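Q: The sequence and its predicted three-dimensional model are supplied below.
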Amino acid sequence: MTDRTLYVTTPIYYVNDVPHVGHAYTTIAADALTRARRLQGRDAFMLTGTDEHGQNIERIAREKGIPAQRHCDEISAVFRRLWERLDIRYDRFIRTTDVLHKRGVLKLWDRLVRAQTADGQDAVYRATYAGWYCPRCEAFKDEDELKQPGNVCPDHERTCEWTEEENFFFRLSAYAAWLRTEITSDRILIRPDVRRNEVLAVLDQGLKDFSVSRARVKWGIPVPEQPDHVLYVWVDALSNYVTALGYADDAPEYRKYWAGDGERMHLIGKEIIRFHCLYWPAMLHAAGLPVPNRFFAHGWLTKDAKKLSKTTGNVIDPDALVDRLGSDVVRYFFLREGSFGQDWDFTDAAFVGRYNADLANDLGNLVSRALTMVRNYCGGRVPRTNERSDPSPRGDAVFEKYETLDFSGALAEIWALVSQLNQRIVTFEPWVVAKDPSRRQELDSFLYTVLERVRQVAVFISPVMPRATSRIFRMLGLPEADPRPEDLAWGRLEPGTSLGTIEPLFPRVEKAAPAAASAQTKENTVSETPAPSPAPAPAAAGDKIDIADF
């Protein structure tokens, strides 16, 4: 682990429709990684945004009877609202209709049209393209990609159009050897390994030059050399990763996060690896700019073992999930339930089941038990202790897994600590020890350890569940500010500090009625304060405790 800066990006999302769960999945992961880096005292910058040009946007706006720019403004705003609901803390939101972006794209284009390959050919050239074109994909299709009869696009189930037009092309084929060397040496690091192997397989098949302009599309950035063409997505949209940092003006953020010796990392879905891992680095290399040095392609989600589809109604609405159980729960479930690099299946039963098991029973129970015992046995103040060292640190393992985007593994490490603490409470039996005045110091030391462990758990989960962290901090009598690197250290709780009001962290929910949001759990901001629990009643036998202690 180094002190290198991290620049992490999501794909910019196409504004043909409102955000879906796949968009949320990638963006939550990018936010969690950024927060984890900052929690270690390291410099990180997160970018997301929207892709707003192209033939589909023209068509949709025309069908709605509104200007294309207005359509883009409306859908882009929906993305930003969802990110706010999911507590996504991006540093910049780029739109391809921004003036800053257009200026940066034209600067990059100027370098590309002046670039030459190693054998002296122009990197960008004019040629006529003839082939089957899908207006919905906004892409030409090889015949072996199409369904027959009828030359049907396999993605949109629509007949493609035979099209011939003169375009500008990028000479991708000239950069195949360079790309192979960079990828096999891991200077361009692609993970998981299965995605790296897929990219190398594409290289084995041979690279074809690709079109970087469109004559039939009007909603885009005009090509300076031929204004009746617009720059196609490979130049326009992909360039956002540098234009957002102020590439047009060689801004300080561009020099720091892209031109500097840091991590330039793209989080992407596995369906766009070819364009990001081959097209984009080759264009940057041709233009003489630094290239991305880390890619991570996550898998796909299905629902109830079926492909997500608006047509069939098999969808996962991220807004509805937030309405139901709150942003923390959505963030936790999507990063805990499946391995980030692999496909996995969403079911409502798993969503509610993991909430009740992991959050209500495990974490929620631990926080409630620890705070209630301190209230009952220590007057609601942090007890004194002689223990000033961390007896079993777990933070290194947690952050190692965050770094490799093994979010499920990082959370499993934290939950192992949660389970350990719950078990230690059962084994130590504080409700028994509290009856023996001679064991007062032993009881205080134990309760301090448990309370401090709860605080550390809150710090460890903060990249994934920032709201839960704030609420635990408030109950511990701490400020609700974001955890800082120094908060990872043992012993931050000051003896004598008054605890805050104890409230349910994650109340249990019923598995029925998935469409309805529980008033008690919505947004996980329970405002009701539970009635004070009575003092523990004498136990009838050594193995029984009062419900308040439990």
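A: Cool, the structure landed. Note that the structure is a prediction, hence the values are computed from the model and not measured. Residues are numbered from 1 along each chain as shown.

Q: partner strands of the helix or strand of the chain with the lowest mean pLDDT, parallel or antiparallel?
A: Confidence across the helices and strands of the chain bottoms out at strand 139-141, with a mean of 74, counting by mean pLDDT, DSSP states H and E. Using DSSP bridges, strand 139-141 pairs in its sheet with strand 124-134 (antiparallel).

Q: Can you list the buried residues in the partner strand?
A: Under the neighbour-count criterion of 16 or more other C-beta atoms under 10 Å, strand 124-134 has 124, 129, 131-134 buried. C-beta: built from backbone N, CA, C; applies to glycine.

Q: Show me the shaky parts of the stretch 201-350 of the chain.
A: Across the stretch 201-350 of the chain, the ranges flagged by pLDDT under 70 are 311.

Q: Let's see that with 80 instead.
A: Applying pLDDT under 80 to the stretch 201-350 of the chain picks out residues 309-313.

Q: if I read this right, residue 33 contacts residue 401, doesn't it?
A: No. If you go by C-beta atoms under 8 Å, residue 33 and residue 401 don't touch, sitting 11.1 Å apart.

Q: that older thread, wait, which of the buried residues of strand 124-134 is closest to residue 85?
A: residue 134 (33.6 Å; C-beta to C-beta).

Q: any idea how far that closest one is from residue 71?
A: According to C-beta to C-beta, to the nearest Å, residue 134 and residue 71 sit 21 Å apart.

Q: Contact partners for residue 52?
A: Contact criterion C-beta atoms under 8 Å, 6 or more residues apart in numbering gives 15, 72, 76, 95-97 as the residues in contact with residue 52.

Q: go with 6 Å
A: With contacts defined as C-beta atoms under 6 Å, 6 or more residues apart in numbering, residue 52 is in contact with 15, 72, 95-97.

Q: give the contact list for the nearest residue to it once chain neighbours are set aside.
A: In space, not counting the residues next to it along the chain, residue 52 is nearest to residue 72; the distance is 4.1 Å by C-beta to C-beta, 6 or more residues apart in numbering. For residue 72, the contacting residues are 15, 52, 97, by C-beta under 6 Å, 6+ apart.

Q: Ok, residue 409 next?
A: Taking C-beta under 6 Å, 6+ apart as the definition of contact, the neighbours of residue 409 are residue 401.

Q: what secondary structure does residue 374 sit in?
A: With DSSP: H, G, I helix; E, B strand; the rest coil as the basis, the three-state label of residue 374 is helix.

Q: per-residue confidence for it?
A: Looking at residue 374, its pLDDT reads 97.

Q: residues near it, how many?
A: Burial of residue 374 is recorded as 24 neighbouring residues (other C-beta atoms under 10 Å).

Q: and it, how far is that from residue 399?
A: According to C-beta to C-beta, residue 374 stands 28 Å off from residue 399.

Q: Also residue 199?
A: Between residue 199 and residue 399 the distance is 28 Å, computed by C-beta to C-beta.

Q: can you check residue 440 too?
A: Going from residue 440 to residue 399 by C-beta to C-beta gives 37 Å.

Q: how about low-confidence regions in the stretch 51-200 of the chain?
A: By pLDDT under 80, the weakly predicted segments of the stretch 51-200 of the chain are 129-130, 135-144, 155-156.

Q: show me where it has strands.
A: 92-95, 124-134, 139-141, 161-170, 189-191 (DSSP state E, counting those that start in this stretch).

Q: Ok, which of those strands comes nearest residue 356?
A: Of all those, strand 189-191 comes closest under C-beta to C-beta, at 32.9 Å.

Q: Flag every buried residue along that closest one.
A: Result for strand 189-191 [16+ other C-beta under 10 Å]: buried residues 189-190.

Q: switch to numbering from 41
A: Done: numbering now begins at 41, and the last item shifts to strand 229-231.

Q: And stretch 331-345, end to end?
A: Its first and final residues considered, stretch 331-345 spans 38 Å by C-alpha to C-alpha, to the nearest Å.

Q: Show me which positions of it end up buried.
A: Neighbour-count burial for stretch 331-345, with 16+ other C-beta under 10 Å as criterion, is recorded at 331-339, 341-343.
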